[in-house]
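Participant: Build me a structure from this.
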Amino acid sequence: MQMQIFDSVRKKKLPFEPIREGEATLYVCGPTVYDDAHLGHARSALSFDLLARTLQALGYRVTYARNFTDIDDKIIKKINETGKSLRELTDYYIARYLEEMEALGVRRPDIEPKATETLDAIEAMITRLLESGCAYRTESGDIYFDTSKDPLYGSISHRVQSEEETQSRLCELKSGEKRHPKDFALWKACAGEEDVCFDAPLGSGRPGWHIECSAMIEKHFCGNDRYTIDIHGGGADLLFPHHENEAAQTRCATGHEIAKYWMHNGFVQIAGEKMSKSLGNSFFLKDALALYPGELLRFYLIGVHYRNDFNFSEEDLAAAKKRLDRLYRLKQRLLPGKAGEADAAFREALLAAMADDLNSSRALAVVDEMITVANEALDEGRADKALRRAWLGNLALVDTVLGVGGSDPYAWFQHGIAPEEKERIEALIAQRNEAKKAKDFARADAIRDELKTLGVALMDTPEGTKWEKL
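Facilitator: Model (predicted):
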C-alpha cells in the first residue's frame, strides 16, 4: 500500500516515493519555548505523530526530528521580564511541553535538537553563505541572507507580498540594514546588556530564527544529491516566511533542496476565529488538560483532517466523548481476553484511510463500523473466541496507528472523579473484598448497596473487582 501525501508546494496529492527505499525521514518545526503550549501546538504535534505512526504501520523505517527553538527575541523578552536564565526558562517550558505531549499520546521524536546545541552547524552554514556571496554583513554586525541571489526564492510559498508587507519591508530597507526588502537575518549581533549572545567566529551574537532549522536538518540527516529529507512539516502559518527562507538558504548553502515533500497542518479556531495570543483566545493546553483527559483531546483533534482548520467547541468535544466511550464499552465487553491478529479486512481499510493523506476522519468511520458490527454479534451471541481475539487485535491496531483506545476501559470511565471521592470508593471496595473473604456476605452486599447509592457500578472479574461511575 503506497502512502499518498498532499504536497503544500505543488498543491496536489502525490505518491510518497522516499529518497531511500523503505525509509522515511521527517522534520517538523517545533515550539519556541518561552511560554506554555497551546492547542495550535497540540494540533501540529498530533498531525505529524499520526504521520510517523502511519508510515511505520506501512512498513517504513522512520526517522523523525522535531526541534526546540530555545533562543529567540520572545525568549529574551521573557528572560528580562522574569529574571530567569536562558537555560532555566527554556528547560522549564521544554519539560512542560513534553509532559503535555505525553498526555496527548504524542510519541517523542527520534531527534529533538535545540538551537543552542546546534551553533557549530549554524555558524558553518552561515559561513558558507558568506563565502558564496549569498549573505552579507551590515555595519552593525548583523548577517543577512541576500534573497536576490536565489532565483527560486518564492517557489515554496508562491506568495505575493501585500502592500502593507511591502511598505514594512521598505521601511526596514531605509534603515540601512538590508539590501533588499525580502532579505532576512541569519545572525544578529549583540544589542546591549539585556541581549543574550554567544561568542562565535561570526562575532558575538545569536542565530536568526530561520537558519536553525536548515542547520539542524543538514546536521542530523544525510539525503542525496537532490534532497536532504523526505518530508518537512509544520503549521500552515510557517509556509511563509519561515519555510520559504529555510528552503532558500539550504538551496544556496548546499546546492540541493531541503525536502522532497512539504506538509502543513491547518489552524485551530476558537469560536470561529483563528487562535491567537493577540486576539486573547489562545487556549493553553494545560487548561484543556485540566478539564479533559488527554486521550479525549487527542481523539477530538484527530477527528478533523489535518489540513483543515479546526474549530474548537464544547458541543463537538462532548460528541467526541460519546464516540470514544463506544470504543471503550466494546473493549470492556471483550475483556478479559487476549488480543490476536487484527482482522485483515479491518487492517486494510484502516491503513488505506490513513495512507490517503492521513484521512483520519475516514479511519475513525472504519473504527465506528467495526464497533457496530462487533456489538451486534455480541448481542446476538455470535461472537466466538476467535472473533473476540480479532476484535481486540483491531483495537490494538487502532491504538498503534491512531493512538487511542489503549487505556484500561474501567479506568477510562473513572475520569473526572475527584481524588477524595475515588479514594472513598476504593476504600469501600477494599472493605467489601475483605468481607467476602471472611464470608460476611451480608456486609459485602450492604457495601455494594452503599456504593450503588453513590452511583458506582461494580464488576467482579477474574482480574479483581472493577468499577465505574455511572
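
Participant: And the protein, what are its domain boundaries?
Facilitator: The record's domain parsing of the chain by automatic domain parsing lists 19-131+207-270, 324-408, 419-469.

Participant: Adding mean pLDDT, write the ones you listed out as TSV.
Facilitator: Formatted as TSV, those follow (pLDDT from 0 to 100):
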stretch	mean pLDDT
domain 19-131+207-270	97
domain 324-408	97
domain 419-469	82
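
Participant: ok, and which of these has the densest surroundings?
Facilitator: Mean neighbour count, computed with mean count of other C-beta atoms under 10 Å, is highest for domain 19-131+207-270 among the domains of the chain, reaching a mean of 20. Bear in mind the C-beta positions are built from the backbone N, C-alpha and C, glycine included.

Participant: Of all the domains of the chain, which one comes closest to residue 303?
Facilitator: When the domains of the chain are ranked by proximity to residue 303, the top entry is domain 324-408, at 6.0 Å, counting by C-beta to C-beta.

Participant: In contact with residue 312, which residues?
Facilitator: By C-beta atoms under 8 Å, 6 or more residues apart in numbering, the contact list for residue 312 reads 39, 268, 269, 270, 275, 283.

Participant: hmm, back to that, between the domains of the chain, which one is closest to residue 296.
Facilitator: Residue 296 lies closest to domain 324-408 among the domains of the chain, at 6.2 Å (C-beta to C-beta).

Participant: For the residue nearest to residue 40 when sequence neighbours are not counted, what are phi and psi?
Facilitator: What sits nearest to residue 40 in space, not counting adjacent residues and going by C-beta to C-beta, 6 or more residues apart in numbering, is residue 268, at 4.9 Å. The phi/psi pair for residue 268 (degrees, to the nearest 10) reads phi -100, psi 130.

Participant: Distance-wise, check residue 268 relative to residue 94.
Facilitator: 21 Å (C-beta to C-beta, to the nearest Å).

Participant: Let me see the ranges of the helices in the stretch 101-250 of the chain.
Facilitator: In the stretch 101-250 of the chain, the helices defined using DSSP state H, counting those that start in this stretch lie at 119-131, 163-174, 209-220, 244-254.

Participant: Now these in a markdown table, please, with extra columns for distance to residue 408.
Facilitator: Conversion of the helices of the stretch 101-250 of the chain to a markdown table gives the following (distance: least, C-beta to C-beta, whole Å):
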| stretch | distance to residue 408 |
| --- | --- |
| helix 119-131 | 44 |
| helix 163-174 | 53 |
| helix 209-220 | 37 |
| helix 244-254 | 43 |
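
Participant: Residue 392 is nearest to which of these?
Facilitator: With C-beta to C-beta as the criterion, residue 392 lies closest to helix 209-220 of the helices of the stretch 101-250 of the chain, at 38.3 Å.

Participant: on contacts alone, who are the packing partners of that closest one?
Facilitator: Packing contacts for helix 209-220, counted by 3 or more C-beta pairs under 8 Å, 6 or more residues apart in numbering; DSSP states H and E, involve strand 23-28, strand 61-66, helix 119-131, strand 184-189, strand 227-235, helix 244-254, strand 257-265.

Participant: Need these in JSON lines (columns: distance to residue 87).
Facilitator: What follows is the helices and strands packed on helix 209-220, written out as JSON lines (distance: least, C-beta to C-beta, whole Å):
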{"stretch": "strand 23-28", "distance to residue 87": "24"}
{"stretch": "strand 61-66", "distance to residue 87": "20"}
{"stretch": "helix 119-131", "distance to residue 87": "14"}
{"stretch": "strand 184-189", "distance to residue 87": "19"}
{"stretch": "strand 227-235", "distance to residue 87": "25"}
{"stretch": "helix 244-254", "distance to residue 87": "26"}
{"stretch": "strand 257-265", "distance to residue 87": "29"}
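
Participant: and of those, who's closest to residue 465?
Facilitator: Among those, the nearest to residue 465 by C-beta to C-beta is strand 61-66 (41.4 Å).

Participant: That closest one versus strand 23-28: what angle between them?
Facilitator: Strand 61-66 runs at 10 degrees relative to strand 23-28, counting by axes from the mean of the first three to the mean of the last three C-alpha atoms, to 10 degrees.

Participant: What lies in contact with strand 61-66?
Facilitator: With C-beta under 8 Å, 6+ apart, strand 61-66 has contacts from 22-30, 45, 48, 52, 55-56, 109-113, 216-217, 220-221.

Participant: Return the angle between stretch directions for that strand and helix 209-220.
Facilitator: If you take the same axes, to 10 degrees, strand 61-66 sits at 150 degrees to helix 209-220.

Participant: Just give me how far strand 61-66 sits from the chain centre.
Facilitator: Relative to its chain's centre, strand 61-66 lies at 13 Å (C-alpha atoms, centre = their mean, to the nearest Å).

Participant: Was I right to think residue 78 contacts residue 88?
Facilitator: No. Counting by C-beta atoms under 8 Å, residue 78 stays clear of residue 88, with 10.9 Å between them.
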